[in-house]
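*Asks:* compute the structure for the input listed below.
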Amino acid sequence: MKRICLVCQNVDCKNRGSEEIMKELQQRASDKGLDADWEVKPYMCFGACQEGPNVVLYPEKTWYAGVKKDDVGEIAEHMAGGPDVKRLDTIDASLKDLIYQLLDTGVF
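*Replies:* Here you go, the predicted model:
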């Protein structure tokens, strides 16, 4: 099963650059040869608009909030097996659990 990097594309995240972040993550995944294992794709909304842009790695269940284009390299490194980007892990655990439950049911 391919792992998925979901990038929120709702209006608040999009206004903060999530579309460019998604394109850059897609390019980095391709450049690193990760596209065999990872699919970078849009997601409608994670419900943390005020914290966006939001990126979720699944099934790892890693949520990055307030992502900026400068963070993409570190996220791509995590996707390649590197460490989590701890400073971007700021979302409340209860919201994470709710979204991860939705993703576990295949809603993506």
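*Asks:* what residue is smack in the middle of this structure?
*Replies:* residue 55 (2.1 Å; Cα atoms, centre = their mean).
*Asks:* from residue 46, how far out is the nearest residue to that residue once chain neighbours are set aside?
*Replies:* Distances taken as Cβ to Cβ, 6 or more residues apart in numbering put residue 64 closest to residue 55, at 4.4 Å, once the chain neighbours are dropped. Any C-beta I mention is one placed from the backbone N, CA and C, and that applies to glycine too. Here residue 64 is placed at a distance of 11 Å from residue 46 (Cβ to Cβ, to the nearest Å).
*Asks:* so what's in contact with these two at the same time?
*Replies:* Taking Cβ atoms under 8 Å, 6 or more residues apart in numbering as the contact rule, residue 64 and residue 46 both touch 54, 56.
*Asks:* I'd say the residue nearest to the centre of the chain and residue 5 touch.
*Replies:* Yes - using Cβ atoms under 8 Å, residue 55 makes contact with residue 5 at a distance of 6.5 Å.
*Asks:* shared neighbours, the two?
*Replies:* In contact with both residue 55 and residue 5: 25, 75, using Cβ under 8 Å, 6+ apart.
*Asks:* many thanks, we can stop here.
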